[in-house]
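Quick one: sequence plus predicted model below, questions after.
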Amino acid sequence: MADALATLASMFQLTPHEDFPYIEFRCRSKPAHCCLIEEEQDGKLWYFDIKRYVEYKEYPQGASDNDKRTLRRLAVGFFLSGGILYKRNHDMVLLRCVDAKEAE
């Protein structure tokens with residue numbers, strides 16, 4: 001927390017006779033990154049394209065060369081076994097990919 005505050009403080013240039021800006025903090029019941037997750041517009045799971053590429057080496061329709069390169073790079077970190085997609089962890093532990101509804 002101290003590092004985050006120091007970083008924020010370094011972003012402001014203050015003069016002696018101005019009002020000082022304040023920073024408001026709010027406690028969240030879940031991690032902040034979970035608040036930014038949006039549902040896919042097409043209704044597919046977040047890992048659908050990765051799984052399809054790992055299983056069939058197929059790209060999404062209309063994918064650009066950059067999208068294809070990114071998908072290949074992402075797919076290296078995943079493993080498919082028995083139709084279940086696993087994410088390889090840095091210490092080779094396999095983490096099962098599930099959607100938010102299945103996790104609840």
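That came in fine, so what should we check first?

so who does the residue lying closest to K51 once chain neighbours are set aside touch?
Once flanking residues are discounted, K51 sits nearest to L85: 4.7 Å by C-beta to C-beta, 6 or more residues apart in numbering. Bear in mind the C-beta positions are built from the backbone N, C-alpha and C, glycine included. L85 is in contact with 47, 50-51, 54, 78-79, 96-97, counting by C-beta atoms under 8 Å, 6 or more residues apart in numbering.

Which of those are buried? Put it as a ChimeraX command.
In ChimeraX, a selection of the buried entries from the contacts of L85 looks like this (16 or more other C-beta atoms under 10 Å):
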select :47,50,51,54,78,97
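
what about the strands in the protein?
For the chain, the strands defined by DSSP state E cover 78-81, 84-88, 94-96.

relative to its centroid, which residue of the protein is most remote?
No residue in the chain sits farther from the centre than H17, which is 42.4 Å out by C-alpha atoms, centre = their mean.

one step back: can I get the contacts of L85 in TSV including pLDDT and distance to D3?
Below are the contacts of L85 laid out as TSV (pLDDT from 0 to 100; distance: C-beta to C-beta, whole Å):
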residue	pLDDT	distance to D3
Y47	87	32
I50	93	33
K51	93	37
V54	94	38
F78	91	32
F79	87	35
R96	83	33
C97	81	32
